[in-house]
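Asks: next one to model:
(4 chains)
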There are 2 protein chains.
Amino acid sequence: MELDERKIKILTAVIKTYLETGEPVGSRTISKYTDLSLSSATIRNEMADLEEMGYILQPHTSSGRIPTDKGYRFYVDSLMETKEREIEDMKEVVLEKADQLSEVLKQAAKLLASNTNYAAMVSAPEIHRNKLKFIQLSKVDESSILAVIVVEGNIIKNKMIHTDAPLDDDTILKLNLLLNTHLNGLSLEKINLGLITLLKEKAGIHTDVVSSVIDAVADAIRADENLEIYTSGANNIFRYPELADNEKASDIINTFEEKKQLEKMVTERLMEDSSEKNGIQVYIGSEAPVPAMKDCSVVTATYELGEGMRGTVGIIGPKRMDYEKVMGTIKKLMDQLDMIYKST
Amino acid sequence: MELDERKIKILTAVIKTYLETGEPVGSRTISKYTDLSLSSATIRNEMADLEEMGYILQPHTSSGRIPTDKGYRFYVDSLMETKEREIEDMKEVVLEKADQLSEVLKQAAKLLASNTNYAAMVSAPEIHRNKLKFIQLSKVDESSILAVIVVEGNIIKNKMIHTDAPLDDDTILKLNLLLNTHLNGLSLEKINLGLITLLKEKAGIHTDVVSSVIDAVADAIRADENLEIYTSGANNIFRYPELADNEKASDIINTFEEKKQLEKMVTERLMEDSSEKNGIQVYIGSEAPVPAMKDCSVVTATYELGEGMRGTVGIIGPKRMDYEKVMGTIKKLMDQLDMIYKST
DNA sequence: ATTAGCACTCGAATTGACTGAGTGCTAATA
DNA sequence: TATTAGCACTCAGTCAATTCGAGTGCTAAT
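Replies: Just a heads-up that it's a prediction; the model follows:
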């Protein structure tokens, strides 16, 4: 069987009405509220076909139809094609500037959540490819040294280093010089084991203490295992009865809190080359790599702040989320992020 | 009417059983499962008295009794007095060391939540009274300077400062010296406006740029309006039907996410002098300063890491929470925090 | 002062009748 | 041949009536 023009019209009508109401939609509704003037009986026949083809289903015999994951998938894909539709009545998406990137991202998450009424997440960008701006070692007290590391985008990392023997000021000065002359301007991913061992050799004397310091610095640079994720609007899920069920809600909230799970969606996303249409990806139900999301849809998009600083934003809501609005909002946010970045 | 010995026994029996079951408890249950050998009829008479006195109530005519807030209050107060009871079967509360305090606190929140099965929060300590260890200004690029500020307890603050005119290395060096010689060793609360203006004068030349830098530094030091709070186990509230109701759950989750609300409980807590019994405070229902908590109980305690670094930990659960266990767990955590602190 | 006994109350669970939205199928129609 | 009208059927949801049982308060007996 083929998805002809009429079937498509009926299918999207079913999905759209379901998105609005959240109730199974019947043949009569469709026949009344669409321009194709067909009787409910005809619609029924077509719907039976669509069901057979797996796009819609009946929650129970003799009720209306609701979309299956396959149905949503079809709908979302078709949305993707009718590109660049303008969304009208949307609150303005405006990010304020802040000199700590983390503040901007927190804001972004909040904005997404409050604009869409779904839950939102924003991951801090990977800084693998960012270049090191400078490193500063300072003696804090007898047995500890503070390493401050700044990379492009003004992202700052602090690392306390404990040493057994105290280092004198002179050594620290030398170390600072050494680290900066050799590492500045390099992207973090280029700072590898080879380079580190080279540095250790160059350090010459004090190799034991010094090398432990260098190791610690290298460690701090490499420490992106704890990918930061900002979330907002988790409680929005209570707006949607199909998610507000206790067990599901608990799972979702938990996922939001743990972040480890969210990471999966973020990283999987970053792996692929961002060669898709508009960088937006939609996971419907069990398509998401996280089981707790099986009753949700997740819309993610990769943002890029130039020079490989790529992170992800995501919206999590019920399967019957307003995909158009969500995509529109995300796009607007992307623009804002771009602007913020360019203006620094 | 007086709360005689027997009434007290019956009251605590009612409360304890209710804590376990969450169901209204009847006279028969009490008469069977307590050592005081009285018939249900007698119990009933006593319970009628207790109800009149406001310690218990019937959710509806001819049902068992449940504790009122006043009842809980009585129970909790009596718990406080029978001090230092040892809690047996508890998972070990063990914090790992970490050199970033924030890591320790995150861990602490997680530990509390998983040990008690309630929601937990931990606020980062106030550092008002902490002494400044050192300040380091470094030039990041033409128009920005990074200020790194370290206070006792190895708490690190970073602040980006944008300048209109670039500062040369020499000036920065001088500024560093100036700031450090005048401020090091002072507790943050002692760094006030007078001191700042004094510094500005001493800076002499470049007053315009320099003073903006000093202002920024002062600002960073003072920036404790964004009190950090770590939370964990929000989804635990779904374990308790009386909170798992949609609206309530949404409110609670929201409060947890917003943190602004949680702050209230934390700061109110810190205001008072910590002169109470064991530093533990219990808010029952509407006693808490946050309306969203009206169906919960909140147990908070102030921890102190020496030298005035005081923060708060809190457990949030249903009114019928296991107060004994919670207090025990919190106490154990306190010990751990102490140990961690002392070993640094 | 305590207890046994009894009538009474009220929420929760169960049942059954009814409604209405929706379907599938068949026969009539354009 | 595609569409439609009509009809019998299904099933979730609602409402009222009924029953059940845990629990109470009161009174009289111990």
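Asks: buried sites along the helix or strand where A:Glu52 lies?
Replies: Taking DSSP states H and E as the definition, A:Glu52 sits inside helix A:40-53. By 16 or more other CB atoms under 10 Å in any protein chain shown, the buried positions in helix A:40-53 come out as A:Thr42, A:Ile43, A:Arg44, A:Glu46, A:Met47, A:Asp49, A:Leu50, A:Met53. The way it works is simple: take the backbone N, C-alpha and C, and place the C-beta from them, glycine included.
Asks: and for stretch A:159-179?
Replies: For stretch A:159-179, burial by neighbour count (16+ other CB under 10 Å) applies to A:Lys159, A:Met160, A:Ile161, A:Thr163, A:Leu167, A:Thr171, A:Ile172, A:Lys174, A:Leu175, A:Asn176, A:Leu178, A:Leu179.
Asks: and those near chain B, which?
Replies: When contact is defined as CB under 8 Å from any CB of the partner chain, the buried residues of stretch A:159-179 meet chain B at A:Met160.
Asks: distance to DNA strand D, pLDDT and secondary structure added to the buried residues of stretch A:159-179, as JSON lines?
Replies: Written out in JSON lines, the entries for those read as follows (distance: CB to the nearest atom of the strand, whole Å; pLDDT from 0 to 100; DSSP: H, G, I helix; E, B strand; the rest coil):
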{"residue": "A:Lys159", "distance to DNA strand D": "57", "pLDDT": "83", "secondary structure": "strand"}
{"residue": "A:Met160", "distance to DNA strand D": "58", "pLDDT": "83", "secondary structure": "strand"}
{"residue": "A:Ile161", "distance to DNA strand D": "62", "pLDDT": "83", "secondary structure": "strand"}
{"residue": "A:Thr163", "distance to DNA strand D": "66", "pLDDT": "81", "secondary structure": "coil"}
{"residue": "A:Leu167", "distance to DNA strand D": "71", "pLDDT": "79", "secondary structure": "coil"}
{"residue": "A:Thr171", "distance to DNA strand D": "75", "pLDDT": "83", "secondary structure": "helix"}
{"residue": "A:Ile172", "distance to DNA strand D": "71", "pLDDT": "85", "secondary structure": "helix"}
{"residue": "A:Lys174", "distance to DNA strand D": "75", "pLDDT": "84", "secondary structure": "helix"}
{"residue": "A:Leu175", "distance to DNA strand D": "70", "pLDDT": "83", "secondary structure": "helix"}
{"residue": "A:Asn176", "distance to DNA strand D": "69", "pLDDT": "85", "secondary structure": "helix"}
{"residue": "A:Leu178", "distance to DNA strand D": "71", "pLDDT": "84", "secondary structure": "helix"}
{"residue": "A:Leu179", "distance to DNA strand D": "66", "pLDDT": "85", "secondary structure": "helix"}
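Asks: now, among the buried residues of stretch A:159-179, which is nearest to A:Pro291?
Replies: A:Lys159 (35.4 Å; CB to CB).
Asks: so that closest one touches A:Ala147, yeah?
Replies: Yes. Taking contacts as CB atoms under 8 Å, A:Lys159 lies within contact range of A:Ala147: 4.5 Å.
Asks: can I get the buried residues of helix A:40-53 in TSV with distance to chain B and pLDDT?
Replies: Shown next, in TSV, are the buried residues of helix A:40-53 (distance: CB to the nearest CB, whole Å; pLDDT from 0 to 100):
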residue	distance to chain B	pLDDT
A:Thr42	40	94
A:Ile43	35	94
A:Arg44	36	93
A:Glu46	37	93
A:Met47	33	94
A:Asp49	38	93
A:Leu50	33	95
A:Met53	36	93
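Asks: A:Val25 and A:Leu243, how far apart?
Replies: As judged by CB to CB, to the nearest Å, A:Val25 and A:Leu243 stand 20 Å apart.
Asks: hang on, I meant A:Ser138
Replies: 49 Å.
Asks: in which helix or strand does A:Lys133 reside?
Replies: strand A:132-141.
Asks: related to what we said a few turns ago, could the buried residues of helix A:40-53 be laid out in JSON lines, adding distance to A:Gly285?
Replies: Formatted as JSON lines, the entries for the buried residues of helix A:40-53 read as follows, by distance: CB to CB, whole Å:
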{"residue": "A:Thr42", "distance to A:Gly285": "30"}
{"residue": "A:Ile43", "distance to A:Gly285": "26"}
{"residue": "A:Arg44", "distance to A:Gly285": "26"}
{"residue": "A:Glu46", "distance to A:Gly285": "24"}
{"residue": "A:Met47", "distance to A:Gly285": "21"}
{"residue": "A:Asp49", "distance to A:Gly285": "23"}
{"residue": "A:Leu50", "distance to A:Gly285": "18"}
{"residue": "A:Met53", "distance to A:Gly285": "18"}
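Asks: quick check, nearest of these to DNA strand D?
Replies: Sorting the buried residues of helix A:40-53 by distance to DNA strand D puts A:Thr42 at the head of the list, at 3.6 Å, by CB to the nearest atom of the strand.
Asks: about what we covered before: turn the buried residues of stretch A:159-179 into JSON lines, columns for distance to B:Thr312.
Replies: Rendered in JSON lines, the data for the buried residues of stretch A:159-179 read as follows (distance: CB to CB, whole Å):
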{"residue": "A:Lys159", "distance to B:Thr312": "28"}
{"residue": "A:Met160", "distance to B:Thr312": "24"}
{"residue": "A:Ile161", "distance to B:Thr312": "30"}
{"residue": "A:Thr163", "distance to B:Thr312": "33"}
{"residue": "A:Leu167", "distance to B:Thr312": "37"}
{"residue": "A:Thr171", "distance to B:Thr312": "41"}
{"residue": "A:Ile172", "distance to B:Thr312": "37"}
{"residue": "A:Lys174", "distance to B:Thr312": "44"}
{"residue": "A:Leu175", "distance to B:Thr312": "39"}
{"residue": "A:Asn176", "distance to B:Thr312": "39"}
{"residue": "A:Leu178", "distance to B:Thr312": "44"}
{"residue": "A:Leu179", "distance to B:Thr312": "39"}
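Asks: I'd say A:Arg310 and A:Glu126 touch.
Replies: Yes. Using CB under 8 Å, A:Arg310 and A:Glu126 qualify as a contacting pair, with a distance of 5.8 Å.
Asks: contact partners of the lowest-mean-pLDDT helix or strand in chain A?
Replies: Using mean pLDDT, DSSP states H and E, helix A:207-222 stands out as the lowest-scoring helix or strand of chain A, at a mean of 73. With CB atoms under 8 Å, 6 or more residues apart in numbering or on different chains as the contact definition, helix A:207-222 has outside contacts at A:132, A:135, A:137, A:145, A:147, A:149, A:157, A:159, A:161, A:163-165, A:167, A:171, A:175, A:179, A:188, A:191, A:196, A:199-200, A:203.
Asks: got the domain boundaries for chain A?
Replies: Here chain A is described, according to automatic domain parsing, as comprising the domains A:5-67, A:101-126+A:228-342, A:132-222.
Asks: out of these, deepest packed?
Replies: Mean neighbours per residue, mean count of other CB atoms under 10 Å in any protein chain shown, is largest over the domains of chain A for domain A:101-126+A:228-342, with a mean of 20.
Asks: that domain and chain B in contact?
Replies: Yes. Contact between domain A:101-126+A:228-342 and chain B, assessed by CB under 8 Å from any CB, occurs at A:231-235, A:238, A:244, A:246-247, A:249-251, A:253-254, A:257.
Asks: ok now that domain, how far from the chain's centre?
Replies: Here the centre of mass of C-alpha atoms in domain A:101-126+A:228-342, compared against the chain's by CA atoms, centre = their mean, to the nearest Å, lies 4 Å away.
Asks: quick one, phi psi at the residue in chain A that DNA strand C sits nearest to?
Replies: Checking chain A residue by residue against DNA strand C with CB to the nearest atom of the strand singles out A:Gly26 as nearest, at 2.6 Å. The phi/psi pair for A:Gly26 (degrees, to the nearest 10) reads phi -100, psi 170.
Asks: so for it, what's the pLDDT?
Replies: Note on A:Gly26: pLDDT of 92.
Asks: and it, how far from A:Asn235?
Replies: In this structure, A:Gly26 and A:Asn235 are 33 Å apart, going by CB to CB.
Asks: the residue lying closest to A:Val94 once chain neighbours are set aside in helix, strand or coil?
Replies: Across the structure, with CB to CB, 6 or more residues apart in numbering or on different chains as the measure, the residue nearest A:Val94 apart from its sequence neighbours is A:Gln336 (6.8 Å). Recorded secondary structure, A:Gln336: helix (DSSP: H, G, I helix; E, B strand; the rest coil).
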